[in-house]
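K.L.:
The sequence and its predicted three-dimensional model are supplied below.
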Amino acid sequence: MKLIQSFSVDHNLIVPGIFTSRVDYVGGKPVTTYDIRLKKPNREPVIDVAAMHSLEHLIATYLRNDPDWKDEVIYWGPMGCLTGFYLILKGERAPRELHTLLLGAFRAVLEAREVPGTNPENCGHCLMHDLEMAKWYASEFARYLEANADNDEIFNYPKTERLITDDGQRFFDS
């Protein structure tokens with residue numbers, strides 16, 4: 001099978017940030033998947049599962065209620081590796097254009113008094129939430145976004161050369 005695009009980025013070089021993962025076209029219109037990376041893959045501890053779940057609920061709610069963005073949001077959800085989230089939006093914007101929106105979303109977590117949608121009718125694992133840890137991760141990422149607002153590295157996937165064999169196998173350079 002062909003390696004999918006998100007697995008072809010050298011995760012050893014990724015830093016926390018806001019990256020364009022892929023652009024697809026649905027009905028001729030662009031739909032963009034963004035990689036919102038909170039942790040350095042394979043180098044930092046991942047986000048606690050209960051905190052990740054709470055961040056998913058809190059930030060999805062924030063994004064889908066933001067008056068300027070709510071009609072553009074298709075999806076907000078965690079990466080399986082627990083190092084960040086995927087944001088899927090209608091249209092195609094540069095990652096830098098999402099900085100203010102995401103900074104606001106992570107700051108809003110700090111003001112939350114409860115995690116929305118955590119009763120059994122609304123959530124498939126309603127007991128697995130941790131608001132205080134979600135606030136800790138949100139604070140850490142908000143500070144990082146503030147400190148690195150002018151750093152191009154947090155908006156562009158790292159580039160790497162790949163060796164490709166005759167049969168299409170890809171290897172990182174050494």
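P.N.:
Everything's here; your move.
K.L.:
all contacts plus neighbour counts: C-alpha atoms, from now on.
P.N.:
OK.
K.L.:
Just give the strands next to the host helix or strand of Y75 in its sheet, each with its orientation.
P.N.:
Here Y75 sits within strand 73-78, counting by DSSP states H and E. If you go by DSSP bridges, strand 73-78 pairs up with strand 84-90 (antiparallel).
K.L.:
helix or strand right after the partner strand?
P.N.:
helix 99-111.
K.L.:
other SSEs contacting that following helix?
P.N.:
On a contact count with 3 or more CA pairs under 8 Å, 6 or more residues apart in numbering; DSSP states H and E, helix 99-111 meets helix 49-65, helix 131-147.
K.L.:
Pull the contacting residues for M79.
P.N.:
Taking CA atoms under 8 Å, 6 or more residues apart in numbering, we find M79 in contact with F85, Y86.
K.L.:
Also the one 3 residues further on?
P.N.:
Taking CA under 8 Å, 6+ apart, we find L82 in contact with V46, I47, D48, V49, M52.
K.L.:
and which of these is nearest to N156?
P.N.:
N156 has its nearest neighbour among those in V46, at 21.2 Å by CA to CA.
K.L.:
quick one: contacts for the closest one?
P.N.:
V46 neighbours (CA under 8 Å, 6+ apart): K39, C81, L82, T83.
K.L.:
please redo it, this time with the cut-off set to 10 Å
P.N.:
L38, K39, K40, M52, C81, L82, T83, G84 (CA atoms under 10 Å, 6 or more residues apart in numbering).
K.L.:
try M52
P.N.:
46, 58, 77-79, 82-85, 128-131, 133-134, 137.
K.L.:
Most neighbours of all those, which one?
P.N.:
Within these, neighbour counts (other CA atoms under 10 Å) peak at A134, which reaches 27 neighbours.
K.L.:
neighbours of the spatially closest residue to that residue that is not a sequence neighbour, just the number please.
P.N.:
Using CA to CA, 6 or more residues apart in numbering and skipping the chain neighbours, the partner closest in space to A134 is A51 (4.5 Å). Look at A51: counted by other CA under 10 Å, it has 21 neighbours.
K.L.:
Quick check: A51 vs T32, distance?
P.N.:
26 Å (CA to CA, to the nearest Å).
K.L.:
And W136, how far from E111?
P.N.:
The spacing between W136 and E111, counted by CA to CA, is 12 Å.
K.L.:
quick one, which of the two is more surrounded?
P.N.:
W136 (14 against 9).
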